[in-house]
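1. Kindly generate the corresponding structure for this input.
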Amino acid sequence: MKESNFEIVQSFITESFDIAKNDIDCQILLNDKAEKLDKVEAQYHYDSMLGAINIITDYIIKNDSSKRFIELSNSLLPAFNYCFDKSIELVYNLRTKQEKKVVKFNFNELYEGMGGSGVPEYIQLKVTSVIIKIAYIHSKLCSIISANELYYKEMKFPLKDQLTMYLLAATYIGADFCLHINLNNTDEMDSFLEN
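-> You can find the predicted model right below:
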């Protein structure tokens, strides 16, 4: 990605967080205090996820005849969910000091839209409870990118970079979602098991 497009990505990520925090249909992030990753953990998270995102975007571009984001948007929800879930798994491992545990990127899971099998069930339940909101976030972000198509064309911001930006948003939202989870609170899981 060209450095000149960094502002576009930064603005989009900021808008993505705003939607996930403030839009009533999409609100999955809280404005309260969250745990934080240190600089090394944050870089590890970014590098790991960006590597996966590059493979995903290359695959999408190679195997889809669409050359415009708007034409792809309906088929991107599984990739969005996958990056969201894998980001949660990665941050969970970092928070529980399992950074030596390698997060496996099984791209067969990509089209199932499921990537968080490496976290405990009580964490998976928290994700399941917001799955509809994640779909709304996906839809709103696709609309934003599609509405800016001419601007991106003028800025020479190619489809691969648009896909990368979109999947990075899923990654960062997933990471923030995990940082807000109280890892010591298994009440939802206990309630689920009682029923």
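2. Could you find the closest non-adjacent residue to the residue most central in space within the chain?
-> Residue closest to the mean C-alpha point of the chain, counted by Cα atoms, centre = their mean, is A170 at 1.9 Å. Sequence neighbours aside, C83 is the residue nearest to A170 in space, at 4.1 Å (criterion: Cβ to Cβ, 6 or more residues apart in numbering). Where C-beta positions appear, they are placed from N, C-alpha and C, glycine not excepted.
3. Give me the phi and psi angles of that neighbour.
-> Backbone torsions for C83, taken as degrees, to the nearest 10, come to phi -70, psi -40.
4. For it, grab the count of nearby residues.
-> Per other Cβ atoms under 10 Å, the neighbour tally for C83 reads 26.
5. Just to check, it is in contact with M49?
-> Yes. Assessed by Cβ atoms under 8 Å, C83 is found in contact with M49 at 6.8 Å.
6. what touches both of those two?
-> Counting by Cβ atoms under 8 Å, 6 or more residues apart in numbering, the shared contacts of C83 and M49 are T171.
7. so how many other residues sit close to L167?
-> Neighbours of L167 under the rule other Cβ under 10 Å: 26.
8. Local confidence estimate at it?
-> At L167, the pLDDT value in this model is 96.
9. One more: the one 3 residues further on?
-> Here the pLDDT value assigned to A170 is 96.
10. Next, it: phi, psi?
-> Torsion angles, degrees, to the nearest 10, at A170: phi -60, psi -40.
11. That one against I88, yeah?
-> No. Assessed by Cβ under 8 Å, A170 is found out of contact with I88, at 10.4 Å.
12. Show me what the longest helix seen in the chain is packed up against.
-> When the chain is parsed with DSSP state H, its longest helix is helix 39-63. Contact partners of helix 39-63 among helices and strands, from 3 or more Cβ pairs under 8 Å, 6 or more residues apart in numbering; DSSP states H and E: helix 77-95, helix 159-180.
13. Show me the one of those helices that comes nearest I132.
-> I132 lies closest, by Cβ to Cβ, to one member of these: helix 77-95, at 11.6 Å.
14. Assign a three-state SS to L183, would you?
-> coil (DSSP: H, G, I helix; E, B strand; the rest coil).
15. And it, how far from I132?
-> For L183, the distance to I132 equals 24 Å [Cβ to Cβ, to the nearest Å].
16. Around the residue lying closest to Y92 once chain neighbours are set aside, how many other residues sit close by?
-> Closest residue to Y92 apart from its sequence neighbours, by Cβ to Cβ, 6+ apart: V119 at 4.9 Å. With neighbours defined by other Cβ under 10 Å, the count for V119 comes to 21.
17. swap in S75?
-> For S75, the neighbour count with other Cβ under 10 Å is 12.
18. Please give me every residue in contact with it.
-> Going by Cβ under 8 Å, 6+ apart, S75 touches D64.
19. and the gap between it and C142?
-> Separation of S75 from C142 (Cβ to Cβ): 10 Å.
20. How about I24?
-> With the distance defined as Cβ to Cβ, I24 ends up 19 Å from C142.
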